[in-house]
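Enquirer: Provided below are the primary sequence and the corresponding predicted coordinates.
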Amino acid sequence: MEKTVCLTTAQALLKFLNQQYISIDGKETPYVEGIFHVYGHGNVLGIGQALELEPGHLKSYSGKNEQGMAHAATAFARQNLRKKIFAVSTSAGPGAANLLTAAGTAFANNIPVLFLPADTFATRQPDPVLQQLEHAGSVAFSTNDAFQAVSRYWDRINRPEQLMSALLRAFEVMTNPATMGPTTICLPQDVEAEAYDYPEEFFKKRVHYIDRRIPTARELAGASQRIKDSKRPVIIIGGGCKYSEAGEILEQLSRDCQIPLVETHAGKSTVSWKFKNNLGGMGILGTSAANKAVQQADLIIGIGTRYTDFTSASKSIFNFEQAKMMNINVSRQQAAKLEAFQVVGDAKATLEQLAPMIEGYQTTYGEKINELKEEWISERNRLKAAHFKRKDFTPEIKDHFSQEILNEYADALATNLTQTEVFIHLNDFVDEDAIVIGSAGSLPGDMQRLWNPMKENTYHLEYGYSCMGYEIAGAMGVRMARPEQEVYALVGDGSFLMLHSELVSSLQYDKKINIVLFDNSGFGCINNLQMDNGGASQGTEFRNTKDEIMNIDYAKVAEGYGAKAYRVSSIAELQAAVEDAKKQTRSTLIEIKVLPKTMTDGYDGSWWNVGISEVSGKAAVQEAYKAKQAKLATIRKY
């Protein structure tokens, strides 16, 4: 007779999570690190009580905002190269809805997170319960149905025994490299507390093996032949390379064959910037070196990339008439993009198979790779030395703001600092093994172009969703993943205002993070977008009703929470602040007032297809639309 154990649904859930392991390259480790939660009705009496009595090895953290703690869980899994995850529990209604943005962020970046939002009553006896939505078309429809669009797997547990099949399916999705992403299991609050005689066999130790998929002989032969037939190939390092830990074999192939490497946002720091053939980020936010190499290539080898519009510059960066496309990816869907030759396999394993097949092959670049890199280094040094002058100052990227307006900002914010000079000096001041994290605004552009990671996996840019508010919460997750390394959240004032609640959690749980806040009193990135395309500056500057530029004391906000704060108005003060922050054991915030319009702009190959009004009474908008249509006429449409 089958042995059983009587447990509530919530207790069974935690017991199962404690028994999940992952095995990669023969190394076996626990898969679920712990659970984030904001308690409320629907989870405090179910999962909350289960965590109180029998958490097992699961660590428990109380978030301050559901979206924030879910971002932390996402960043934790990402920094761990998807080898460990967190579960996230919320109350019903608004608590669950607050997860949706974070679920979308995890989905876009292919990061596994187990979302456990509470739900309405399965029995429907007390309907409508507090915070329940009532739909005339279906009583079964709830807030949590919205998770279906942002989950790789979605389920609702209406009976305790349904938990078993749901968990097995969810973990298959989360441990499959081709389908990895967030999964959602909705827990009606009555079912969460109901008991069931679960088979003891269900709680046995389960090891999820992530085997490295090897391409077929046909795929390897086709790939090797295309490389040998090319003269100027370029390798695009996508996020799949980082998760596969393919850095060493990428360097070997690049060195032996003299193939330049360029990086996507997710792939950056797979290979150190110090490696001679690494030309940096490509696309809309790319370096001049990387973009020129891609435009001149006759073979594009995309490895582990989704080809988002910022990587492909809306498909305008590739010369499809001269360049063939080849993709290596664990996902057949991604490998098929841009009608490329498809190689379906793990990045590291595939390159290890290809290396002996192209032994002796050499490109025709000669010294060209080094010349491109040196040209970019010279440009970066120029940006580092760009200082604001009260007279005759030309902003580094735009001339939309007059000298008078820039002077107004300099007076209001009491600063002469440009964003680029601060950013590059910051790169010099932090330790080589420090991890930087960013997500939204103009800072991702500077990160992708200007930040030079010296150590592997020290660059964490969430640009699959570019979610404002990810930075600070994500920094906490990164610190939890790498407690021995300093972590810096690079954030604009707009993103800071959007979400910074997990700064409090970092202080509560002694997870020290460093927030570097670039304050230009507005949404500078979007201000650039509107003015670039014929619009006026409106709705994107932080001005009060008297049209005065707001000067907010963000350092005081951080100090109020208990963080160590610094106010920086010079490069010397920046260096002193960074050095002192390294000595702190609590979280820090470095507030830097910088002038608008002093971030970097795009280089060759950085065009972006955006929605410009086809009909407008404004001549500048009409011209912007005509320019877009002219560009579209010259590039690939699909």
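Expert: Here it is on my side, so go on. These numbers come from a predicted model, not from an experiment. Numbering: from 1, shown residues only.
Enquirer: please make it C-alpha for all contacts and neighbour counts, starting now.
Expert: Noted.
Enquirer: correct me, but Asp25 touches Arg213?
Expert: No. The criterion here is C-alpha atoms under 8 Å, and Asp25 misses it with Arg213 at 11.9 Å.
Enquirer: how much space between the residue nearest to the spatial centre of the chain and Met454?
Expert: Nearest to the geometric centre of the chain sits Glu462, at 1.5 Å (C-alpha atoms, centre = their mean). To Met454, Glu462 is 19 Å away according to C-alpha to C-alpha, to the nearest Å.
Enquirer: quick check: phi and psi on the closest residue to the residue nearest to the centre of the chain other than its chain neighbours?
Expert: Leaving aside its chain neighbours, Glu462 sits nearest to Ser439 (4.7 Å; criterion: C-alpha to C-alpha, 6 or more residues apart in numbering). Ser439 has phi and psi values of phi -160, psi -50 when expressed as degrees, to the nearest 10.
Enquirer: tell me the confidence at Ser439?
Expert: If you check Ser439, the pLDDT there is 98.
Enquirer: per-domain residue ranges of this protein.
Expert: According to automatic domain parsing, the chain comprises the domains 4-209, 217-376, 387-593, 608-638.
Enquirer: show me where the stretch 501-638 of the chain has strands.
Expert: 514-519, 564-568, 588-593 (DSSP state E, counting those that start in this stretch).
Enquirer: which among those strands is found nearest to Ala266?
Expert: strand 514-519 (21.0 Å; C-alpha to C-alpha).
Enquirer: gap between the closest one and the chain center?
Expert: Mean C-alpha position of strand 514-519 versus that of the full chain (C-alpha atoms, centre = their mean, to the nearest Å) differs by 18 Å.
Enquirer: that strand pairs with which strands?
Expert: Counting by DSSP bridges, the strands paired with strand 514-519 are strand 487-492 (parallel), strand 588-593 (parallel).
Enquirer: re the thing from before, okay, Asp25 and Arg213: which has more neighbours?
Expert: Higher neighbour count among Asp25 and Arg213: Arg213, with 16 against 9, using other C-alpha atoms under 10 Å.
Enquirer: OK, contacts around that one?
Expert: By C-alpha atoms under 8 Å, 6 or more residues apart in numbering, Arg213 lies in contact with 330, 344-346, 349.
Enquirer: in which helix or strand does it reside?
Expert: Here Arg213, judged by DSSP states H and E, is contained in no helix and no strand.
Enquirer: report pLDDT for it.
Expert: pLDDT, Arg213: 97.
Enquirer: quick thing: my sequence starts at 31, can you match it?
Expert: In the new numbering, first residue 31, that becomes Arg243.
Enquirer: ok, it to Glu275 distance?
Expert: Distance, Arg243 to Glu275, using C-alpha to C-alpha: 14 Å.
Enquirer: could you do Glu578 as well?
Expert: 50 Å.
Enquirer: neighbour count winner among these two?
Expert: Glu275 (19 against 13).
Enquirer: isn't the more buried one right next to Lys378, touching?
Expert: Yes. Using C-alpha under 8 Å, Glu275 is in contact with Lys378, at 6.7 Å.
Enquirer: state the helix or strand in which Gly167 lies.
Expert: Assigned by DSSP H and E, Gly167 falls outside every helix and strand.
Enquirer: make that Ala80, sorry
Expert: Here Ala80 is assigned to helix 77-83, by DSSP H and E.
Enquirer: any buried residues in that helix, and which?
Expert: 77-78, 80-81 (16 or more other C-alpha atoms under 10 Å).
Enquirer: adding distance to Asn446 and pLDDT, write those out as TSV.
Expert: Below are those laid out as TSV (distance: C-alpha to C-alpha, whole Å; pLDDT from 0 to 100):
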residue	distance to Asn446	pLDDT
Ile77	52	97
Gly78	51	96
Ala80	55	96
Leu81	52	97
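Enquirer: which of these lies closest to Asp523?
Expert: Of all the buried residues of helix 77-83, Asp523 sits closest to Gly78, with 35.2 Å by C-alpha to C-alpha.
Enquirer: give me the spatial nearest neighbour of that closest one, chain neighbours excluded.
Expert: Tyr69 is the one closest to Gly78 (C-alpha to C-alpha, 6+ apart), at 7.2 Å.
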